[in-house]
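Novice: got a sequence here, can you build the structure:
(4 chains)
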Number of protein chains: 2
Amino acid sequence: MNTRQRVLDVASASFAEQGVAATSLDDLARQLKVTKQTILYHFGSKDGLLRDVARDAALELHRQLQDGLNDSQPGWDRVEAPVRAAFALAVRRPELLGLLREVSRLGPPSSEVVLEVLQPLIDGAVAALQTGMDAGTFRRSDPRLLLVSAYAATTGVVTEAEVLRAVGLELDLRVAARLRRTVLDFLRAALAP
Amino acid sequence: MNTRQRVLDVASASFAEQGVAATSLDDLARQLKVTKQTILYHFGSKDGLLRDVARDAALELHRQLQDGLNDSQPGWDRVEAPVRAAFALAVRRPELLGLLREVSRLGPPSSEVVLEVLQPLIDGAVAALQTGMDAGTFRRSDPRLLLVSAYAATTGVVTEAEVLRAVGLELDLRVAARLRRTVLDFLRAALAP
DNA sequence: CATCTTCTCTACCATTTGGTAAGTGGCTCT
DNA sequence: AGAGCCACTTACCAAATGGTAGAGAAGATG
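Specialist: Next comes the predicted model:
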């Protein structure tokens, strides 16, 4: 496979699990069985690598959400679809949402590229919620707060493995499905007119 | 003030904001205007410092939650009180929940000491939810999933400053109060019989 | 007064870190 | 066949990292 893509994959996993600062280029190089300079050749610097990893992750989330939305009916399904998409992504690439959280914590400049990719989707979601509320399809509230809460609940439950362990659960397919239902119940209850 | 306590305070803030790996003992020493060896004298090693910081944070959260519970009435108030307590703590010490999240991501051994402190509270919460469901006070569902979702939503909204920014908000007292209401609305809707 | 403990310091050190410099082998294009 | 680019290498390096060794000052205790 493409060396560049292999680096992105391994770095993405390691950045998400160990954190960016705790991941050294030497570590990555060792895992990939290339030299550190190969990584630097492709990405220029560690920050450059992080930027590309972040963009990749944002693009994948964007694609997943967009696909979900494209297959959805207007109304409640437009809320359910992105949540289902996010959970599906969390199952397929467990590290991805954790990575986006890490990037968001680090703030600019790496978080900028994520926002660039996702901002239109965010704005669209806020607008859609507002429209639904104006039309009486959804109960009236602040769509921005609702969106943030939904995001926090969704990424939280699939990211916090240690917290799940504390209540005696482990994140497998079944638990993920039940968590998704819980989150969707939250949302349905909060949006029901 | 006590040097030991000053180290704990600064380390707690830095571990939460920069992450543990991105915080060097030299950084902390510089901020505190002591030498790195003074820190090592009090905590033995960086891991030792992290353990004590984690325990401190867990104890403070425990105290806050317990105080909230002590002042609460049976029934719905037992759900609302800890959420209010968590939000109050997030306002008073903004870094604390972020720190616990960081510790939870790092996993054992530092996460062990947090669990040791909070596990009884977690078990108590699950039991209380179960009792309420059995008594018909709450709608029936899996109390563990509910607890995890509530935790994820609560810590998420107060931790993800960057996400708030993406929808054009900033975490101040007013926004925190409205987020708290949103989260409580989620919970009320999910628990109403 | 002498001694012990507590706390902080100066002086080092081995390792790891991100990054630079300078090739090397292979492929394509002319 | 030779020129040039691409992907990757070996050889370094300065700075930062967590940690050790040991000493000095201050107060408590006999």
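Novice: ok, the strand or helix carrying A:D26 near DNA strand C or not?
Specialist: With the criterion set as DSSP states H and E, the secondary-structure element containing A:D26 is helix A:25-32. Yes: Helix A:25-32 lies in contact with DNA strand C when judged by C-beta under 7 Å from any atom of the strand; the contacting residues are A:L25, A:D26, A:D27. For every residue, glycine as well, the C-beta is placed using N, CA and C.
Novice: ok, and the most crowded of these?
Specialist: Among the residues of helix A:25-32 next to DNA strand C, A:L25 has the most neighbours (other C-beta atoms under 10 Å in any protein chain shown), with 19 neighbours.
Novice: so what pLDDT did that residue get?
Specialist: With respect to pLDDT, A:L25 scores 96.
Novice: try A:A189
Specialist: pLDDT, A:A189: 83.
Novice: okay, now A:A189: neighbour count?
Specialist: Neighbourhood size, A:A189 [other C-beta under 10 Å]: 18.
Novice: list, one by one, the residues from chain A near DNA strand C.
Specialist: If contact is defined as C-beta under 7 Å from any atom of the strand, the residues of chain A in contact with DNA strand C are A:T23, A:S24, A:L25, A:D26, A:D27, A:K36, A:Q37, A:L40, A:S45, A:K46, A:D47.
Novice: near DNA strand D, list only the ones from those residues.
Specialist: Subset of the residues of chain A next to DNA strand C in contact with DNA strand D: A:Q37, counting by C-beta under 7 Å from any atom of the strand.
Novice: in PyMOL, select just the buried ones from the residues of chain A next to DNA strand C.
Specialist: Selecting only the buried entries of the residues of chain A next to DNA strand C in PyMOL, with 16 or more other C-beta atoms under 10 Å in any protein chain shown as the criterion:
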select buried, chain A and resi 23+25+36+46
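Novice: quick check, nearest of the residues of chain A next to DNA strand C to chain B?
Specialist: When the residues of chain A next to DNA strand C are compared for distance to chain B, the smallest value, 8.5 Å, is given by A:T23; criterion: C-beta to the nearest C-beta.
Novice: which of the three states applies to the closest one?
Specialist: Reducing the assignment at A:T23 to three states with DSSP: H, G, I helix; E, B strand; the rest coil gives coil.
Novice: tell me the spacing between it and DNA strand D.
Specialist: Applying C-beta to the nearest atom of the strand, to the nearest Å, one obtains 14 Å for the distance of A:T23 from DNA strand D.
Novice: so which residues of chain A form helices?
Specialist: Secondary structure of chain A (DSSP state H): helices located at A:3-18, A:25-32, A:36-43, A:46-70, A:77-92, A:95-106, A:110-134, A:143-159, A:161-166, A:173-191.
Novice: what helices or strands is the fifth one leaning on?
Specialist: Identification of packing neighbours for helix A:77-92 by 3 or more C-beta pairs under 8 Å, 6 or more residues apart in numbering or on different chains; DSSP states H and E yields helix A:46-70, helix A:95-106, helix A:110-134, helix A:143-159, helix A:173-191.
Novice: could you find the closest non-adjacent residue to the residue nearest the centre of chain A?
Specialist: Residue closest to the average C-alpha location in chain A (C-alpha atoms, centre = their mean): A:L97, at 3.4 Å. Nearest residue to A:L97, sequence neighbours excluded (C-beta to C-beta, 6 or more residues apart in numbering or on different chains): A:T155, at 4.9 Å.
Novice: so that neighbour sits against A:E102, correct?
Specialist: No: applying C-beta atoms under 8 Å as the test, A:T155 and A:E102 come out as separate, 11.3 Å apart.
Novice: out of these two, which sits in the more crowded spot?
Specialist: Here A:T155 and A:E102 are compared on neighbour count by other C-beta under 10 Å; more neighbours surround A:E102, at 26 against 21.
Novice: give the contact list for that one.
Specialist: A:F15, A:A16, A:G19, A:V20 (C-beta atoms under 8 Å, 6 or more residues apart in numbering or on different chains).
Novice: which one of these sits closest to B:L184?
Specialist: Comparing those against B:L184 with C-beta to C-beta picks out A:A16 as the nearest, at 30.9 Å.
Novice: measure how buried that closest one is and give me the count.
Specialist: The criterion is other C-beta under 10 Å. On that basis, A:A16 has 25 neighbouring residues.
Novice: so who does it touch?
Specialist: By C-beta under 8 Å, 6+ apart, the contact list for A:A16 reads A:E95, A:L96, A:G98, A:L99, A:E102.
Novice: of those residues, which pair is most distant in space?
Specialist: Using C-beta to C-beta, the contacts of A:A16 reach their maximum pairwise distance at A:L96 and A:E102, which is 10.7 Å.
Novice: is it true that A:V163 touches B:S149?
Specialist: No: look at A:V163 against B:S149 with C-beta under 8 Å: they stay out of range, at 10.3 Å.
Novice: measure A:V79 to DNA strand D for me?
Specialist: Between A:V79 and DNA strand D the distance is 43 Å, computed by C-beta to the nearest atom of the strand.
Novice: burial measure for the closest residue to that residue other than its chain neighbours, as a count.
Specialist: Leaving out its chain neighbours, the residue that sits closest to A:V79 by C-beta to C-beta, 6+ apart is A:L187, at 5.8 Å. The number of residues packed near A:L187 is 23, by other C-beta under 10 Å.
Novice: check contacts around A:L187.
Specialist: For A:L187, the contacting residues are A:V79, A:E80, A:V83, A:A150, B:F186, taking C-beta under 8 Å, 6+ apart as the criterion.
Novice: out of those, who's nearest B:E112?
Specialist: Nearest to B:E112, judged by C-beta to C-beta, of the contacts of A:L187 is B:F186 at 30.3 Å.
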